[in-house]
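**Q** Quick one, structure for this:
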Amino acid sequence: MPSGLNLSQYRMGPHVNHNCNAYSKFFVINSENNTLKNTSPIFIHKSIVAFVGETKSVKKLNNGSLLIEVANSKQAENIQKLKKIGNIEVTVTPHRTLNHSKGVISESEFQRDLEEDLLDSLQDQKVISVRRITIKKNGQNFPTKHLILTFNTPVLPKSVKIAYINCNVKHYIPNPLRCFKCQRFGHTLTACRSKQNCARCSLPDHDSNNCSSPTPKCYNCTGEHPADFKSCPRYKLEKEIQTVKITKNISFPEARKIVNDRNPQPGLSYSAGLQPTPTSDKKANPPADNDSIAVKKSDWFALLAIKKSWEEISSNSQNLHNQTISSVVQPTVANPTVRNIEPQTNTPTNTYIANASDLTLTNSDIHLSNNSSSPVKKITTQSRENKKQEKKSNEWVKVKKLKLLNAHVYWPKKEIKFFPILSQTDPLPEKIS
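**A** From the prediction side, this is the model:
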């Protein structure tokens, strides 16, 4: 930093004038021995309103002074005449940085022009300082096409015109301040009151030039990198705070609070918090047969209706089966005894009389009438007709079931376990069209 300039003058440029101007909006009120720090805020507010009127905002800084944002140029002129608040003597000065804004233009056409010539061309556009960004290679500084413009207004313009060329203006975001002595952010070497810490291993009482540690360690985040690492999480956090401060034109404490409130987790930087959370690529496994499956209330009622309809169909089919059996013509016998007939418990539903030979009839037990010549043949013929009727009935039942399924709801095959009548008596087909 050149001699004779303080930090703010060096960062803004040597031509910056911090005196009040027509565009100043932010002022700082100081008192001797920080007397305002212990004064009632109500009394201070009434005194300021009585002198200049209602201002846009009044904030108390950490050092006890007051930051005032005026609403217009008349208030800016009157606030500088304030000498006392009650019996407390005060001094009013423009804020050093909030009344200015800095932007960057990048135009290769002006790469050979001097900074003084550029400033003369921009003075009528509220520009008070021009500084060219340089890069250092092999110990020499090389000028670039990027120019830092300092405006005498808190609001950064969108563009400026130099000669006949319009240049877009972007916000200038400086790198965070890091002390080369203690390695902390927020101040410089000249204002440091802490002990020496190594930038490589973070241990005290030596610098990085005399460090013999085999592994680096950051003093700010304890990561395995030196303190000047640009990808350090703490450095990114300070850079984000710097960006919020510049774009919103607020103080560092306010910008830090905004960024900290944005952090999703304590100790996590804002940039890291914006990264998407990695998701697992594993697919969900289908439920097993013994897993419980949730069913909607409306679907449950539909399933109950289907079950009830199927119970009615099954009941009608059973009645039809009984009527078919009873309709078989039995021969007239003197002593109605049928031998060698045993009840079958697991008889299929589509078979009523397996064979005519299952009935053993003797001459002593059966007395035929004159009109009945062959009772066994008659029973066999009627059984065939009954089988045809039963087959048609079964086909009609299946068609009815499919219509009911298509009319209400479809569920996977494993979910038939909700209705035992479906899975045990009448299983569903493999595919429902």
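**Q** Show me how this protein divides into domains.
**A** 26-94, 101-171, 189-262 (the TED database).
**Q** for those domains, which one sits closest to S314?
**A** domain 189-262 (65.9 Å; CB to CB). Bear in mind the C-beta positions are built from the backbone N, C-alpha and C, glycine included.
**Q** Figure out the length between the terminal residues of that closest one.
**A** End-to-end distance for domain 189-262: 30 Å, by CA to CA, to the nearest Å.
**Q** what's the answer for stretch 148-167, then?
**A** So stretch 148-167: terminal residues 12 Å apart, CA to CA.
**Q** and if you look at stretch 133-142?
**A** The first and final residues of stretch 133-142 sit 9 Å from each other (CA to CA).
**Q** Also stretch 64-82?
**A** End to end - CA to CA - stretch 64-82 spans 18 Å.
**Q** what's the answer for stretch 202-212, then?
**A** Stretch 202-212 end-to-end distance (CA to CA) = 12 Å.
**Q** go on, stretch 135-145?
**A** For stretch 135-145, the end-to-end distance is 11 Å (CA to CA).
**Q** pLDDT of it, averaged?
**A** The average pLDDT within stretch 135-145 is 89.
**Q** And that stretch, what's buried?
**A** Neighbour counts over stretch 135-145 (16 or more other CB atoms under 10 Å) mark no residue as buried.
**Q** just stretch 94-103 next, same as before
**A** For stretch 94-103, using 16+ other CB under 10 Å, the buried residues are P94, H95, R96, T97, L98, N99, H100, S101, K102, G103.
**Q** For those, give me CSV that also has distance to N316.
**A** Listed next are those as CSV, based on distance: CB to CB, whole Å:
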residue, distance to N316
P94, 98
H95, 94
R96, 96
T97, 92
L98, 90
N99, 94
H100, 94
S101, 89
K102, 90
G103, 88
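**Q** which of the residues you listed lies closest to E77?
**A** Closest approach between the buried residues of stretch 94-103 and E77, by CB to CB: P94, at 12.0 Å.
**Q** give me phi/psi at the closest one?
**A** Phi and psi for P94, reported as degrees, to the nearest 10, are phi -70, psi 150.
**Q** same deal with the one 4 residues further on?
**A** Phi and psi for L98, reported as degrees, to the nearest 10, are phi -70, psi -20.
**Q** now the strands for the stretch 151-300 of the chain?
**A** Assigned by DSSP state E, counting those that start in this stretch, the strands in the stretch 151-300 of the chain fall at 159-162, 165-168, 170-171.
**Q** Adding mean pLDDT and distance to V127, write those strands out as TSV.
**A** Formatted as TSV, the strands of the stretch 151-300 of the chain follow (pLDDT from 0 to 100; distance: least, CB to CB, whole Å):
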stretch	mean pLDDT	distance to V127
strand 159-162	94	7
strand 165-168	94	11
strand 170-171	94	15
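**Q** Looking at these, which is nearest to Y219?
**A** Nearest to Y219, of those and by CB to CB, is strand 170-171 at 29.2 Å.
**Q** Tabulate the domains of the chain (TSV), appending distance to S309.
**A** Formatted as TSV, the domains of the chain follow (distance: least, CB to CB, whole Å):
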stretch	distance to S309
domain 26-94	74
domain 101-171	73
domain 189-262	60
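**Q** any weak-confidence spans in the stretch 201-350 of the chain?
**A** Where the stretch 201-350 of the chain drops to pLDDT under 70, the residues are 264-300, 317-350.
**Q** now do 80
**A** 263-350 (pLDDT under 80).
**Q** Do a quick rundown of the helices in it.
**A** With helices called from DSSP state H, counting those that start in this stretch, the stretch 201-350 of the chain shows them at 233-248, 252-262, 270-273, 297-326.
**Q** Show me what the strand or helix carrying E116 is in contact with.
**A** Using DSSP states H and E, E116 sits within helix 115-122. Applying CB atoms under 8 Å, 6 or more residues apart in numbering, the external contacts of helix 115-122 come out as H15, F110, V127, S129, V130, R131, R132, L147, L149, V160, I162, A163.
**Q** And these, which of them are buried?
**A** The buried subset of the contacts of helix 115-122 - by 16+ other CB under 10 Å - is H15, F110, V127, S129, V130, R131, R132, L147, L149, V160, I162.
**Q** follow-up on the earlier one: tell me the least confident of the buried residues of stretch 94-103?
**A** T97 (83).
**Q** That one: what secondary structure?
**A** Put simply, T97 is coil when judged by DSSP: H, G, I helix; E, B strand; the rest coil.
**Q** Burial check on S314, number of neighbours?
**A** Counted with other CB atoms under 10 Å, residues neighbouring S314 total 15.
**Q** returning to that earlier point: let's have the contacts of helix 115-122 in TSV, adding distance to N197 and secondary structure.
**A** Listed next are the contacts of helix 115-122 as TSV, based on distance: CB to CB, whole Å; DSSP: H, G, I helix; E, B strand; the rest coil:
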residue	distance to N197	secondary structure
H15	36	coil
F110	42	helix
V127	40	strand
S129	34	strand
V130	37	strand
R131	31	strand
R132	34	strand
L147	36	strand
L149	36	strand
V160	43	strand
I162	45	strand
A163	50	coil
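**Q** Okay then, goodbye and thanks.
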